[in-house]
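Enquirer: quick check, what structure comes out for this input:
(chains A, B, C and D, ligands or ions: 2)
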Amino acid sequence: MTAHPEASGLGRIGVVTFPGSLDDGDARRAVRLAGGEPVALWHRDADLRGVDAVILPGGFSYGDYLRCGAIARFSPVMGKVSEAAREGLPVLGICNGFQILCESHLLPGALTRNDHLHFVCRDQRLRIENAATAWTADYVPGEAITVPLKNGEGGYIADEATLDALEAEGRVVARYLGGNPNGSRRDIAGVTNEAGNVVGLMPHPEHAVESLTGPTTDGLGFFTSVLKKLVTA
Amino acid sequence: MARVVVDVMLKPEILDPQGQAVQRALPRLGYEGITEVRQGKRFELEVAEPVDDAALARVREMADALLANTVIEDYTVRVEEPDPAQAAA
Amino acid sequence: MARVVVDVMLKPEILDPQGQAVQRALPRLGYEGITEVRQGKRFELEVAEPVDDAALARVREMADALLANTVIEDYTVRVEEPDPAQAAA
Amino acid sequence: MSLDTVKNAEQTPEAEQPWAELGLKQDEYARVRELLGRRPTGAELAMYSVMWSEHCSYKSSKIHLKQFGEKAPHSDALLVGIGEQAGVVDVGEGYAVTFKVESHNHPSYVEPHQGAATGIGGIVRDIIAMGARPVAVMDPLRFGAPDHPDTRRVLPGVVAGIGGYGNCLGLPNIGGEVVFDACYQGNPLVNALCVGVMKHEDIHLAKAAGAGNKVVLYGARTGGDGIGGASILASETFESADGKPAKRPAVQVGDPFEEKRLIECTLELFGEGLVTGIQDLGAAGLSCATSELASNGSGGMRVELDTVPLRDPSLSPEEILMSESQERMCAVVEPGDVERFLEICERWEVTATVIGEVTEGDRLEIFWHGEQIVDVEPGTVAHEGPVYERPYARPEWQDALQADDASRLPRPAGGEELRAAALALVSSPNQADASWITDQYDRYVLGGTVLAQPEDGGMIRIDEESGLGVALATDGNGRYAKLDPYRGAQLALAESYRNVATTGAKPLAVTDCLNFGSPEDPAAMWQFAEACRGLADGCRALGTPVTGGNVSLYNQTGEAAIHPTPVVGVLGVIDDVARRTPMAFAEEGHLIYLLGETRDELGGSAWAQVAHGHLGGLPPEVDLEREKLLGEILVSASRDGMADAAHDLSDGGLIQALTESCLRGGKGARIVVPDGVDPFVFLFSESQGRALVAIPRSEEVRFNDMCAARGMPAARIGVVDGEELEVQGQFTLPLDELRTAHTATLPALFG
Ligand SMILES: Nc1ncnc2c1ncn2[C@@H]1O[C@H](COP(=O)(O)OP(=O)(O)O)[C@@H](O)[C@H]1O
Ligand SMILES: [Mg+2]
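Expert: Residues are numbered from 1 along each chain as shown, chains lettered A, B, ... in the order given. Ligands and ions are numbered 1, 2, ... in the order given. Prediction:
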């Protein structure tokens, strides 16, 4: 990547705000608490302002009226994010961000209506399956964590061949423990692309970064992982 | 076996935020000339017995009671001829 | 002015929890004999210009890019004849 | 189609007008004519009729609500008192907080999902209109019998509506209530509370000052929503082109995505200082916004109604004035700021249109295609509606109801029966775990939620540096209020106050939603009058002023009115949210103290309802001095780090509170019934002014000294321990069994 005039060093993480994004502030706070510098990106930006990684936050972009993430995918900033992701820029999509990544075909599969048809908000146990991605290196493989989960359309779905390939290539990043909350195939809570720089995750690590406001601080690892990777890169 | 299709749409005078969101998105994707979009639901019901008038009347009842919220939605019921492509699949 | 209808349904091999929920509810309401229910979306697009082949092709593009997620959904596009009752209102 | 202009009205004084269909009484119509010195135009009639409705004018309730101001205790914290869209409270460090609860009862019965959704939307706009950023919502709910088929229609729809709208706006839901009672069968109560935060200097008021300033309408386009009434005008006096009245929806559909953009856009407008006056559009739409903005300001206002962007081009001017389309706001903007204002709206993809300006005079003038259709003194529309002194009388059944004391009911005796009664109570729909509902609400969004359901109060961190925060609770017990509306209102206040104090926050101010039957029924009117008197007296005693609220009357089907249901919200402040006290028994070995006194008080209790389907006698006594003292003890215990957990006692009594604290922490408790106390009364009485606290052994002496010094009865009743809730000598309930009983009820009914 070419140097950007605004770049102040390592650890600048862009957080995109789409109309209807809700957890953008929380994602920025999480980056800050992890020691990074959050950079607010706007959906109409045609430039990533030289950030070292991008987070697509949770929320209801464009009201999620058509399909979650279907409209946000076409925003100018997503054109840039897709390009950069293909060149290796670390990208984390949380919840709505995961849906946007699937809609953009940066990740395989899709997210569908929860099998019980209700929005669900609860503290969810997860097992980190792949601790080698840009966003999970600070975890140990198999580590169990608890972070909030909140969604109406969180059921991960892909055809059997894709699911088998994901398993075989170790691209399932996290799996639900203690009961599948939404009907996700094979209890999948998050997946990564082949290169391991793009991660989509249904639960919300950015809501588990302070003991006062989250169930745990287990979510911090996602943000510290990418920051460390940037330092050592 | 026959298929009955129930289309459920918001009544014309009711605000349709979903349709609006799609309509607003289209020009941004380079599609002009769509003056309105309304988004509704489509139900495909597979009926075990032959669909005679009585059966259709019952589907209408179901639509009224369950598939549509008649306070804000209208529905239409029709028998769909089996699509040969589908049938083959 | 013409209306184009786009129907979007989950692919047959994809589980449809909404359709299933409807199907499960029907016998409880006293409706038997529906062997399967699938729930999808119906879009009604009002098109400003006459709908020729080129226009239909464009709607197909919109459906492919936006209205349906072809990873999990199929769609069909068709022109709908204006409903005389609607037109009068 | 002829337009009813001011000129036309002057020339046709005798024209028939559908005032009765619009809900005006004969003398009210006569009063409008007198105010104008002529007959009103159709548009004026539309405005007066909506603005003089019960809903907008508070014509039956006004004389009783006055007490909230007259009896208000002095409070240094009150920055904006009753009368604005919402009160504003100083919480320190330069921050101000505004909060209000409102009802959306009837619409939620007609269309539960949309009715409840638009209830959230409306209260959130009230809060933005004060200049605040909304930070949380709460939803006190009441439904008919849990097993009634219509409850299966209403409840899931209401919950999905509240969740769908609130979740999409990104506002954490931090608490509420779920109550079932057959009296709410045809009249469910859907109340919604929103709380917002701002800096003192950001307080905005609804007024239009400065001649030449522009009036900007922004947000959703105007459709025919909620103007069933106005179409009478359209059809009877002004036929539409083809002679048929157009169809107008009675149901408003909410668009939370539009509202989310409206919030962000409005906050950015405030941030750049572009807003001189602002008003949300709720009930009565533009009629309300224009007349209130104009009458609260110094000048007049001129509006070109044909500039209003429409969703439905067939709307008549009368309908546009009455439309209740959601997600709209009206701002007064200095001419030099208009361009920037519109730019920011464009950035958020919010439609914004200049529809008029503030004028020199004192008239509200509205034009349609160049012709004048409204020429009124705005104050007569907005504030000089009729005021009624409705007759009220204590119903004659009240004595018999109070005489039907709960002490005659057979009580469980012995461990086995007490155990069964405990399980029946904690699994009854009103006492059962509400997670089936509350798990459909996002409580994490915005990252400031320190406490949320099922805690006693919700708590939000306001300042990340200092830890300053606020806590809120809402409570109301219609059963108590039915037995004695005066005391019932005070009991609602006391419980809400106690819930806030339990979290460690100091209660500061009150909002209320008064849900009652028909004001035309003297019995319901008496209940209303008594509840107002009780609440005003109670607020004076506790030093917490009422800052605003809402009245919902006519909650009645035929002769059958709901229980009088005053819902009271209390707001408190805490210097550092890290000091909050949660409800969970989390540490083995901590000592369990019961604060307060337990008497034989089971009138209106949950036990009487669950075990006997009984409602009679008198509700528990209220001692507001004791509530205040208890509050001080709880706040001190939090501030000085003495208490590890606290949970207030309310409906269901001690057994309910123990169950909740044990299950929340996943720890059992061993409880000893104090000597000389009847175990049944100990476990099931609903005496007020009580709370449980869990104290580390190292703090016991200090805690006891504090209680003794302040005269607060405190009894050590047990210890946190094991995997069971054991009442020694009576019964033992394994936590698993207790949890199953407590959590299975709502999923079984609605899952
Ligand atoms: N409709 C609701 N929405 C959000 N929270 C709710 C709702 N109903 C109940 N709760 C929460 O569940 C918990 C238990 O409610 P309740 O027993 O009424 O509390 P209390 O007796 O302390 O007033 C509280 O935290 C309350 O805020
Ligand atoms: Mg409580």
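Enquirer: who in chain B is up against chain D?
Expert: B:10-17, B:20-21, B:24, B:69, B:71-72 (Cβ under 8 Å from any Cβ of the partner chain). Backbone N, C-alpha and C define where each C-beta goes, glycine included.
Enquirer: so which of those are in strands?
Expert: If you go by DSSP state E, those have residue B:10 in strands.
Enquirer: ok, the residue in chain A that chain B sits nearest to - contacts?
Expert: At 3.9 Å from chain B, residue A:65 is the closest residue in chain A, using Cβ to the nearest Cβ. Contact analysis of residue A:65 by Cβ atoms under 8 Å, 6 or more residues apart in numbering or on different chains lists B:17-18, B:21-22, B:39, D:257.
Enquirer: rerun at 10 Å
Expert: Taking Cβ atoms under 10 Å, 6 or more residues apart in numbering or on different chains, we find residue A:65 in contact with A:20, A:71, B:16-22, B:25, B:39, D:168, D:255-257.
Enquirer: follow-up on the earlier one: among the residues of chain B next to chain D, which are within reach of chain C?
Expert: Near chain C, judged by Cβ under 10 Å from any Cβ of the partner chain, the entries from these are B:12-13, B:16.
Enquirer: neighbour-wise, which of these leads?
Expert: Ranked by the number of neighbours (other Cβ atoms under 10 Å in any protein chain shown), these place residue B:16 first, at 24 neighbours.
Enquirer: isn't residue D:568 right next to residue D:532, touching?
Expert: No. Applying Cβ atoms under 10 Å, one finds residue D:568 not in contact with residue D:532, separated by 11.9 Å.
Enquirer: who has more neighbours, the two?
Expert: Between residue D:568 and residue D:532, residue D:568 has the larger neighbour count (other Cβ under 10 Å), namely 31 against 26.
Enquirer: any stretches of the chain with poor pLDDT?
Expert: Defaulting to chain A. A:1-10, A:233 (pLDDT under 70).
Enquirer: hmm, no, I was thinking of chain D.
Expert: For chain D, the stretches with pLDDT under 70 are D:1, D:228-249.
Enquirer: just give me the residue closest to the centre of it.
Expert: residue D:101 (2.3 Å; Cα atoms, centre = their mean).
Enquirer: repeat for chain A
Expert: residue A:93 (2.5 Å).
Enquirer: that residue pairs with what?
Expert: Under DSSP bridges, the beta-bridge partners of residue A:93 are residue A:56, residue A:200.
Enquirer: so it touches residue A:190, yeah?
Expert: Yes. Residue A:93 lies in contact with residue A:190 (Cβ under 10 Å); the separation is 9.2 Å.
Enquirer: could I get the phi/psi values of residue D:34?
Expert: Backbone torsions for residue D:34, taken as degrees, to the nearest 10, come to phi -70, psi -40.
Enquirer: what is the nearest of the contacts of residue A:65 to residue D:538?
Expert: Set against residue D:538, the nearest of the contacts of residue A:65 by Cβ to Cβ is residue D:256 (35.8 Å).
Enquirer: my guess is the closest one meets residue D:170, correct?
Expert: Yes. With contacts counted by Cβ under 10 Å, residue D:256 reaches residue D:170, the gap being 9.3 Å.
Enquirer: circling back to that earlier point, joint contacts of residue A:93 and residue A:190?
Expert: Shared contacts of residue A:93 and residue A:190 (Cβ under 10 Å, 6+ apart): A:107, A:199-202.
Enquirer: need the max-distance pair from the residues of chain B next to chain D.
Expert: Pairwise distances across these (Cβ to Cβ) peak at 26.2 Å, for the pair B:24 and B:71.
Enquirer: which one of these two is surrounded by more residues?
Expert: Using other Cβ under 10 Å as the criterion, residue B:24 and residue B:71 rank with residue B:71 on top: 16 against 13.
Enquirer: how deep is the closest residue to the more buried one other than its chain neighbours tucked in, by neighbour count?
Expert: Leaving aside its sequence neighbours, residue B:71 sits nearest to residue D:111 (Cβ to Cβ, 6 or more residues apart in numbering or on different chains; 4.8 Å). Neighbourhood size, residue D:111 [other Cβ under 10 Å]: 21.
Enquirer: try residue D:360
Expert: For residue D:360, the neighbour count with other Cβ under 10 Å is 10.
Enquirer: enumerate every residue touching the closest residue to it other than its chain neighbours.
Expert: Among residues not flanking residue D:360 along the chain, residue D:211 sits closest, at 4.7 Å (Cβ to Cβ, 6+ apart). Contact analysis of residue D:211 by Cβ under 10 Å, 6+ apart lists D:297-301, D:357-361.
Enquirer: now distance to ligand 1 too, for these, in TSV please.
Expert: Listed next are these as TSV, based on distance: Cβ to the nearest ligand atom, whole Å:
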residue	distance to ligand 1
D:297	38
D:298	42
D:299	43
D:300	44
D:301	40
D:357	43
D:358	41
D:359	46
D:360	49
D:361	48
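Enquirer: which of those residues fall within helices?
Expert: With helices taken from DSSP state H, there is no overlap with the contacts of residue D:211.
Enquirer: report the buried members of those.
Expert: D:297, D:299-301, D:357-359 (16 or more other Cβ atoms under 10 Å in any protein chain shown).
Enquirer: quick one: the residue of chain A closest to chain B from residue A:132, how far?
Expert: 37 Å (Cβ to Cβ, to the nearest Å).
Enquirer: kindly indicate which of the contacts of residue A:65 lies nearest ligand 2.
Expert: Comparing those against ligand 2 with Cβ to the ion places residue D:168 closest, at 28.8 Å.
Enquirer: verify the stated contact: the closest one with residue D:327.
Expert: No. Residue D:168 is not in contact with residue D:327 according to Cβ under 10 Å; the separation is 12.0 Å.
Enquirer: next, show the common contact partners of those two.
Expert: D:254-257, D:259-260.
Enquirer: the residues you listed in helices, which ones?
Expert: Judged by DSSP H, these include D:256-257, D:259-260 as members of helices.
Enquirer: now the two most distant members of those.
Expert: The most widely separated members of those are D:257 and D:259, with 7.3 Å between them, by Cβ to Cβ.
Enquirer: what about stretch A:200-210, how long is it end to end?
Expert: End-to-end distance of stretch A:200-210: 22 Å, with Cα to Cα, to the nearest Å as the criterion.
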